[in-house]
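Q: Provided below are the primary sequence and the corresponding predicted coordinates.
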Amino acid sequence: MNIQSKIAPLTQYYPLYQQLIERMGILHTIVSLIARGYLANVFLSAGLTKIQDWDTTLFLFQEEYQVPFLPAEIAAFLGTAGELIFPVLLIIGFTSRFSALALSVVNIVAVISLPEIAAAALYLHVIWGVLLAYIVLHGAGVISIDAWLKQAVQKYSQEETDKQ
């Protein structure tokens, strides 16, 4: 029995496999959009809470949180800025992978800065970390400025190639 006769029965399933893969692209777009919205809400809410009462935020960074390598005031400013800027970029899908990576750093620093973090809070940080890692690895999907820019650059590159 040769190799072609062994593979022949599998070839009838290949179109079905291709359809499944194409549909999974839609799933990625949906999952990414939901994850981006959820994460943007979580981090933006945290940042807005910090700026609503800056004195309390500074107190917490000075007395409660133990951010390594940075003075409390700088850590408070950088953490708050990250929680206000990167969620907006993430939700609109602009520099999504970088924004997710930056929020991952904020997330990790938050966990290591609070030595007595509650188990439930740690669990949430792990979930956020997994969702952020998904976006870092897979991108924002087609409903994003990143996807639009990619298409625009490809179109421009193709036009330039056609001119030559």
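A: Thanks, I have it.

Q: what helix or strand does P68 sit in?
A: Taking DSSP states H and E as the definition, one finds P68 inside no helix or strand.

Q: and the nearest residue in space to it that is not next to it in sequence, what's its pLDDT?
A: What sits nearest to P68 in space, not counting adjacent residues and going by CB to CB, 6 or more residues apart in numbering, is I112, at 7.0 Å. C-beta here means a position set from N, CA and C on the backbone, and glycine is covered the same way. The predicted local confidence for I112 comes out at a pLDDT of 92.

Q: neighbours around I112, how many?
A: Residues contacting I112 under the criterion other CB atoms under 10 Å number 12.

Q: with F94 instead?
A: As a measure of burial, F94 has 16 neighbours, counting by other CB under 10 Å.

Q: V31 is in contact with V130, isn't it?
A: No. Using CB atoms under 8 Å, V31 makes no contact with V130, being 11.7 Å away.

Q: so how far is A120 from the residue nearest to P68?
A: Applying CB to CB, to the nearest Å, one obtains 17 Å for the distance of I112 from A120.

Q: elements contacting the worst-scoring helix or strand of the chain on mean pLDDT?
A: Lowest mean confidence among the helices and strands of the chain (mean pLDDT, DSSP states H and E): helix 3-11, at a mean of 74. If contacts are counted by 3 or more CB pairs under 8 Å, 6 or more residues apart in numbering; DSSP states H and E, helix 3-11 sits against no helix or strand.

Q: for the next helix or strand after it, what is the average pLDDT?
A: Under the assignment DSSP H and E, the closest C-terminal helix or strand after helix 3-11 is helix 14-52. Averaged across helix 14-52, pLDDT comes to 92.

Q: which helices and strands sit right next to helix 14-52?
A: Contact partners of helix 14-52 among helices and strands, from 3+ CB pairs under 8 Å, 6+ apart: helix 72-92, helix 96-113, helix 119-138.
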